[in-house]
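**Student:** Take a look and give me a structure for this.
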Amino acid sequence: METDDLVRQAQSGSQAALEELCRREWRPVYDLVYRTVQNRDEAQDLTQEVFLRALRSLDRYHDTGQPIHAWLVTIALNMLRDRWRRMRPSADIDNLPELQNPDPGPEQLAMQHLDKDVIEQALAALPEDYQIVLRLRVVEARPSKEVAEIMGRNADAVRQLQRRALLSLRAMLREEALT
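**Tutor:** Prediction:
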């Protein structure tokens with residue numbers, strides 16, 4: 001049975017369709033979460049929470065042309081982002097002696113003009129697809145092919161999306177630097 005049919009049946013209250021949908025999507029979502037947290041128990045808990053959130057809002061899900069897998073991945077990435085924000089280390093990593101360099105590099109020169117809050121605000125202002133692709137490709141350094149699978153796109157589309165996201169971020173940061 002097609003996934004779209006399962007979703008419609010699950011939305012109509014079919015327990016069997018709901019179970020089959022969860023059975024099909026559990027492992028890919030778990031794998032995504034596990035690659036991020038690197039802890040089996042925590043990955044299982046987070047994956048379960050992803051599906052609980054999805055089930056609570058299944059009646060509001062509507063087909064946008066993207067597979068339901070992309071919707072579940074978005075929920076998972078949002079949860080992981082929230083987890084990352086909560087677990088952010090309080091220590092100032094820039095003050096570690098082994099990381100200090102007396103000569104400012106290009107990143108440090110750019111950061112002198114923009115503070116962290118401005119960058120975070122600019123990232124948060126980007127469309128969700130841009131945020132996701134930048135997190136997966138730049139922050140997590142995942143290959144285009146893997147990101148394509150997660151986002152339900154092909155690798156070329158992911159590279160193009162990443163390019164547009166970086167151009168948008170650059171434009172936002174330039175605009176902020178000029179003000």
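**Student:** Let me know the average pLDDT across stretch 8-28.
**Tutor:** When pLDDT is averaged along stretch 8-28, the result is 92.
**Student:** in that stretch, what's buried?
**Tutor:** Neighbour-count burial for stretch 8-28 flags Gln9, Ala10, Ala17, Leu18, Glu20, Leu21, Cys22, Glu25, Trp26, Pro28 (criterion: 16 or more other C-beta atoms under 10 Å). Every C-beta, even on glycine, is put in place using the N, C-alpha and C of the backbone.
**Student:** if I pick the nearest residue to the first one once chain neighbours are set aside, what's in contact with it?
**Tutor:** Read it as Gln9. Spatially, and ignoring its direct neighbours in sequence, Gln9 is nearest to Ala17 (3.5 Å; C-beta to C-beta, 6 or more residues apart in numbering). Residues in contact with Ala17 (C-beta atoms under 8 Å, 6 or more residues apart in numbering) are Met1, Asp5, Leu6, Val7, Gln9, Ala10.
**Student:** Can you pull the domain assignment for this protein?
**Tutor:** By the assignment in automatic domain parsing, the chain contains the domains 3-87, 104-178.
**Student:** Contact partners for Leu6?
**Tutor:** Contact analysis of Leu6 by C-beta under 8 Å, 6+ apart lists Ala17, Glu20, Leu21, Arg24.
**Student:** just those now: which is nearest Val50?
**Tutor:** Closest approach between the contacts of Leu6 and Val50, by C-beta to C-beta: Leu21, at 13.0 Å.
**Student:** Show me the shaky parts of this protein.
**Tutor:** Applying pLDDT under 70 to the chain flags the ranges 88-116, 176-179.
**Student:** Could you identify the helix or strand that succeeds whichever helix or strand Ala10 is part of?
**Tutor:** Following DSSP states H and E, one finds Ala10 within helix 3-11. Using DSSP H and E, the helix or strand that follows helix 3-11 in sequence is helix 15-37.
**Student:** re earlier: tell me the gap between the helix holding Ala10 and the middle of its chain.
**Tutor:** Here the centre of helix 3-11 is set off from its chain's centre by 25 Å, with C-alpha atoms, centre = their mean, to the nearest Å.
**Student:** Likewise for stretch 62-80?
**Tutor:** On the basis of C-alpha atoms, centre = their mean, stretch 62-80 sits 10 Å off its chain's mean C-alpha point.
**Student:** in it, what counts as buried?
**Tutor:** The neighbour-count check on stretch 62-80 (16+ other C-beta under 10 Å) flags Ile68, His69, Ala70, Trp71, Leu72, Val73, Thr74, Ile75, Ala76, Leu77, Met79, Leu80 as buried.
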